[in-house]
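# Just a sequence and a predicted model for now, questions to come.
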Amino acid sequence: MLILGEQHQFTEQELKTLHKKFKTIDFIKYKNMNIQEVINQISSITSNKHKIVLVLNTKAIVPDELLKYLTKLEKKGINYIGIQRFMEKYLYKCYIPSKLRDISFLENIQPFSRFQYIQKRTIDYGSSILLLLLTFPIMLYAVYRIKKESPGPIFFKQSRIGKQGEPFTCIKFRSMYANSEHNPYTQKNDKRIFPWGATMRKLRIDELPQIFNVLKGEMHFIGPRAEWDILVDNYEQKIPYYHERHIIRPGITGWAQVNYPYGENAFDAKQKLMYDLYYIKHWSLGIELKTIWKTFMVVLGKKGI
């Protein structure tokens, strides 16, 4: 694989994923280089290679001379692809431009059609009732352990942002000591979390009461994470198009949750947004089932993509 330009700064996780798909990854900066220099470098890298994916990772207009050269490379099995399509095809996430005037990537990011919504709600009810039956003994045990380790309320109820930015009351098992200091972010070895609370978080047992949010129609079984209103206000100021994730209901689990680790800042929130938008744009029964499977793998401690 050859990446031309530096418009998108690939993260360590993205490069790790790409290294699994491609044997080698080469980079050409492109910026401040004349066209002949670029052509010479591409020629040097691709001379003895076939079936290379060349990624146009630049916001600059590609000159006709370079485009003509790239089309000739297709005869050698070297195909070029824009960064937006590349990220969706190989990283299963949507590229988000840094400038608000570029809205081409929002194509097909829209609410579910009536037929899709019926499919989603069927999955919601079926999955939620099945999960409730299977985990009811675990939930009873969770109630017992919470009472034993940390006196106070069993459930943690909090205002979260739902579809179209409307708030709703999200229900979870309480995993922190009662009256803990209010902080929207949790950290590794957070002292506010009691021992059984840490276990619940690791195994996602604390999320189980959200089944009732799903049955009430406030959430989907699968969708973007339901975030605190205080965090949403912050992210919408820092991350372009963050509000787009609210065109559907949030979920207990989701494409972002199974593909990206727990985040602690706006950078992580943007990475997760890229996965959320991909899920909305490419929704199908296939990605729904894959998300459910990957959720089980995450709970069992196995890695996803």
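Nice, thanks for sending it over.
# Extract the residue ranges of the stretch 51-200 of the chain that are flagged as low pLDDT.
Where the stretch 51-200 of the chain drops to pLDDT under 70, the residues are 99-102, 180-188.
# where along it do the strands fall?
Applying DSSP state E, counting those that start in this stretch to the stretch 51-200 of the chain gives strands spanning 53-56, 79-82, 155-161, 167-173.
# Report the separation between the nearest residue to Q84 once chain neighbours are set aside and Y241.
In space, and not counting its chain neighbours, Q84 is closest to Y95: 4.5 Å by Cβ to Cβ, 6 or more residues apart in numbering. (Glycine included, C-beta is placed from N, CA and C.) Separation of Y95 from Y241 (Cβ to Cβ, to the nearest Å) stands at 11 Å.
# Enumerate every residue touching the residue of the chain most remote from its centre.
What lies farthest from the middle of the chain is Q36; by Cα atoms, centre = their mean that is 38.7 Å. Shown in contact with Q36 (Cβ atoms under 8 Å, 6 or more residues apart in numbering): no residues.
# The same query, at a cut-off of 10 Å, please.
When contacts are counted by Cβ atoms under 10 Å, 6 or more residues apart in numbering, Q36 is found next to E65, L66.
# Could you look up the SS state of it?
Secondary structure, DSSP: H, G, I helix; E, B strand; the rest coil: Q36 is helix.
# Look up the pLDDT of the spatially most central residue of the chain for me, please.
The centre of the chain sits closest to A256, judged by Cα atoms, centre = their mean, with a distance of 2.5 Å. pLDDT, A256: 97.
# from what I can see it touches V298, true?
No: applying Cβ atoms under 10 Å, one finds A256 not in contact with V298, separated by 11.8 Å.
# For the stretch 51-200 of the chain, just list every one of the helices.
For the stretch 51-200 of the chain, applying DSSP state H, counting those that start in this stretch gives helices covering 64-73, 83-86, 114-149, 195-203.
# Columns mean neighbour count and distance to S284 on top of those, output as a markdown table?
Shown next, in a markdown table, are the helices of the stretch 51-200 of the chain (neighbours: other Cβ atoms under 10 Å; distance: least, Cβ to Cβ, whole Å):
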| stretch | mean neighbour count | distance to S284 |
| --- | --- | --- |
| helix 64-73 | 13 | 32 |
| helix 83-86 | 18 | 18 |
| helix 114-149 | 14 | 9 |
| helix 195-203 | 17 | 28 |
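# And the helices in the stretch 201-305 of the chain?
Assigned by DSSP H, counting those that start in this stretch, the helices in the stretch 201-305 of the chain fall at 210-215, 229-238, 255-259, 266-281, 285-299.
# looking at those helices, which is closest to R160?
helix 229-238 (7.2 Å; Cβ to Cβ).
# and that closest one, which residues are buried?
V232, N234, Y235 (16 or more other Cβ atoms under 10 Å).
# Quick check: closest non-adjacent residue to the second one.
Right, N234. Closest to N234 by Cβ to Cβ, 6+ apart is A266, at 7.2 Å.
# Give me the contacts around stretch 64-79.
When contacts are defined by Cβ under 10 Å, 6+ apart, stretch 64-79 is touched by residues 2, 4, 30, 35-36, 38-39, 42-43, 45-47, 49-54, 56, 61-63, 80.
# now it: how far from the chain's centre is it?
Centroid separation between stretch 64-79 and its chain, computed with Cα atoms, centre = their mean, to the nearest Å, is 33 Å.
# Export only the CA atoms of that stretch, formatted as CSV.
Written as CSV, here are the backbone C-alpha positions of stretch 64-79 (Å, rounded to 0.1, in the frame of the first residue of the first chain):
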residue,chain,number,x,y,z
ASP,A,64,-3.9,16.4,-14.6
GLU,A,65,-0.4,15.2,-15.3
LEU,A,66,-0.4,13.1,-12.1
LEU,A,67,-3.9,11.8,-12.7
LYS,A,68,-2.9,10.7,-16.2
TYR,A,69,0.1,8.9,-14.7
LEU,A,70,-2.0,7.2,-12.1
THR,A,71,-4.5,5.9,-14.7
LYS,A,72,-1.6,4.3,-16.6
LEU,A,73,-0.6,2.4,-13.4
GLU,A,74,-4.0,0.7,-13.3
LYS,A,75,-2.8,-1.5,-16.2
LYS,A,76,-0.2,-2.9,-13.7
GLY,A,77,-2.8,-3.7,-11.1
ILE,A,78,-2.0,-0.5,-9.1
ASN,A,79,-5.3,1.2,-8.2
